[in-house]
Structure formats: structure tokens, C-alpha cells
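K.L.:
Model the structure of this input:
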Amino acid sequence: MACEGAVVETIESLMKEAETLKVKLEDERQKLNDVTLATVAERLEIINYMNIKPRRTLKGHQAKVLCSDWSPDKRHIVSSSQDGKMIIWDAFTTNKEHAVTMPTTWVMACAYAPSGNLVACGGLDNKVTVYPLSLDEDVTQKKKTVGTHTSYMSCCLFPNSDQQILTGSGDSTCALWDVESGQLLQSFH
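P.N.:
Down below sits the predicted model:
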């Protein structure tokens with residue numbers, strides 16, 4: 001019995017100590033909070049309502065569009081979709097300039113290169129594929145697989161030049177690739 005009493009006292013003592021530590025921890029957290037969200041929100045300007053109207057509707061995909069990107073000339077758009085297609089559009093005329101059928105559905109990512117001469121895409125095929133653009137020939141003839149992830153590719157971006165592409169993947173990595181050689185330059189985990 002005496003042993004049980006000592007155990008109960010020890011447990012009560014530890015519970016009181018835990019409560020004291022919780023209070024101290026909360027006090028320390030409050031010291032670090034130099035500002036609250038409400039205080040910051042009061043200082044922000046009110047954003048005026050933007051009246052956005054559709055200017056053109058681009059019709060051609062048979063399923064949900066998963067990604068799109070404007071070309072540097074601001075006239076063309078590349079879009080990718082669940083239907084397994086990547087389409088290059090003339091946004092002014094709404095004409096399709098190129099329509100590329102991918103080997104798999106769910107083309108989740110697409111991007112224009114800074115020069116506007118290349119587009120890249122990828123998705124459930126785990127690959128990033130780059131297509132040189134020219135109006136006089138079939139773009140699929142000169143396509144190039146630059147890199148492959150171990151899971152789906154979710155996004156891609158040409159950071160500053162046509163020579164490198166950055167990809168994100170479901171394998172929890174981002175990768176920087178050399179477009180010409182297809183070599184992995186750096187992997188981010």
C-alpha cells in the first residue's frame with residue numbers, strides 16, 4: 001500500500017510539473033509572437049474587385065486541362081490535359097498550331113522555354129520531353145526525352161535559359177536537367 005501511495009504522489013507531482021512546463025512553454029511562445037495575423041491584416045490595403053471577363057475560349061481538349069503556360073511573345077499558349085494531349089495555341093486567333101498526343105494520359109505539366117522555340121511536358125510517363133517548335137514540320141519528329149523520374153512528373157520550368165529545365169515529381173524530388181545532354185545536373189530532396 002505504501003508503494004502505491006508513493007506511485008500516486010509521483011504521478012501527481014509529474015503531472016503538476018508537466019502543467020508548469022506547458023505554461024512556461026506557452027509564455028515563451030508568446031514572447032516570440034511579435035505580431036498577430038489580425039494585426040497584419042489591419043495594415044493591408046483592401047484589394048479592389050477585379051472585373052475579369054473571358055476574352056477567348058480555346059476548345060480542343062477532351063478532358064480537364066491540368067497545366068498551361070504563356071509563351072514569351074504573349075501570343076501563344078501551351079496546354080496539357082488528362083486526355084493525353086499537349087496543344088500549342090495561337091491565343092489571338094484561337095487556332096491550334098500543334099497538337100501532340102503523348103504516350104500516356106494525364107499530361108500534368110507543360111512549359112515554354114524563354115526563347116519560345118521549345119516546349120516541355122510530362123506527366124504519368126515519369127519523363128520530361130522537350131519539343132522544338134517550327135511551323136513547317138511535325139514537332140514529334142524531333143522530340144527529346146531529357147530526364148526520367150521514378151514517379152509522375154508534376155511540374156516543369158525552364159529557369160533562365162533553354163539549356164536547363166527544372167522538374168518536380170511525385171517521387172518527392174525536384175531535378176535540374178541539361179536539355180542538350182539529358183544529364184541530371186542536380187537533384188533536390
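
K.L.:
these two touch, right, Gly182 and Thr148?
P.N.:
No: using CB atoms under 8 Å, Gly182 makes no contact with Thr148, being 9.1 Å away. Bear in mind the C-beta positions are built from the backbone N, C-alpha and C, glycine included.

K.L.:
For the protein, give the helix that spans the most residues.
P.N.:
The residue-count maximum for a helix in the chain (DSSP state H) belongs to helix 2-32.

K.L.:
Run the chain-centre distance for that helix.
P.N.:
45 Å (CA atoms, centre = their mean, to the nearest Å).

K.L.:
Then stretch 106-124?
P.N.:
On CA atoms, centre = their mean, the centre of stretch 106-124 falls 13 Å from that of its chain.

K.L.:
Give me the domain ranges for this protein.
P.N.:
With domains defined by automatic domain parsing, the chain comprises 2-43, 65-188.

K.L.:
Let's have the ones you listed in TSV, adding mean pLDDT, mean neighbour count and distance to Leu58.
P.N.:
Compiled in TSV, those are given as follows (pLDDT from 0 to 100; neighbours: other CB atoms under 10 Å; distance: least, CB to CB, whole Å):
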stretch	mean pLDDT	mean neighbour count	distance to Leu58
domain 2-43	85	9	37
domain 65-188	93	18	5
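
K.L.:
Sweet, I'm off.
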